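Asker: Sequence first, predicted model second:
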Amino acid sequence: MSTKPSKTLETFPNPEPKRDYTIRMRIPEFTCLCPKTGQPDFATMHLEYIPDKTCVELKSLKLYMWSFREEGAFHEAVTNKILEDLAKATKPRFMRLTAEWYVRGGIYTTVVAEHAAKGFKPKPKIELP
């Protein structure tokens, strides 16, 4: 296999740093292990962010997400860890990570974690007819 899991997140320069725009990514194949039972946990991650000077590079994001496959983690902890690592690497104006966890013990869990740069003020939402 030519690629392996990695904790390295690569970035590239934001092509439009003067504009606030949103990047949305859906990552439907996230897996880690339940820290209590060792059984696999599955989630769809929804990443949304307004970049500042850099954007996350997709292949590095894929390998980063893959790196959790053999690690035990509570849903809340791993969601916040991923957000923290992504925010540290990209330094976005705003970032939100929503983790939709598949059923465990008859319960679906959704964890939403957010990061905002100091002084960031979101623009009002525009509703079009």
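Answerer: Cool, the structure landed. All values derive from a computational prediction rather than experimental measurement. Numbers count the residues shown, from 1 in each chain.
Asker: Residue 90 against residue 49, yeah?
Answerer: Yes - when contacts are counted by Cβ atoms under 8 Å, residue 90 is listed as touching residue 49 (7.1 Å). For glycine as for every other residue, the C-beta is placed from the backbone atoms N, C-alpha and C.
Asker: burial measure for residue 70, as a count.
Answerer: Burial of residue 70, expressed as a neighbour count using other Cβ atoms under 10 Å, amounts to 11.
Asker: Look up which residues are beta-bridged to the closest residue to it other than its chain neighbours.
Answerer: In space, not counting the residues next to it along the chain, residue 70 is nearest to residue 33; the distance is 6.7 Å by Cβ to Cβ, 6 or more residues apart in numbering. When bridges are taken as DSSP bridges, the partners of residue 33 come out as residue 40, residue 72.
Asker: what's near enough to touch residue 33?
Answerer: Residues in contact with residue 33 (Cβ atoms under 8 Å, 6 or more residues apart in numbering) are 39, 40, 41, 69, 70, 71, 72, 73.
Asker: Number of residues surrounding the second one?
Answerer: By that I understand residue 40. Using other Cβ under 10 Å, residue 40 has 12 other residues around it.
Asker: I figured it was touching residue 31, is that so?
Answerer: Yes - taking Cβ under 8 Å as the definition, residue 40 is a contact partner of residue 31 at 5.4 Å.
Asker: which phi and psi does residue 85 have?
Answerer: Backbone torsions of residue 85, given as degrees, to the nearest 10, read phi -70, psi -40.
Asker: That one contacts residue 8, correct?
Answerer: No - judged on Cβ under 8 Å, residue 85 makes no contact with residue 8 at a distance of 10.0 Å.
Asker: Quick check: neighbours shared by the two?
Answerer: The overlap between the contact sets of residue 85 and residue 8 (Cβ under 8 Å, 6+ apart) consists of residue 64.
Asker: neighbour-wise, which of those two wins?
Answerer: Comparing residue 85 with residue 8 by neighbour count (other Cβ under 10 Å), the higher total belongs to residue 85, at 14 against 11.
Asker: what about the protein, any weak spots by pLDDT?
Answerer: Counting by pLDDT under 70, the low-confidence segments of the chain come to 1-2.
Asker: Sweet, I'm off.
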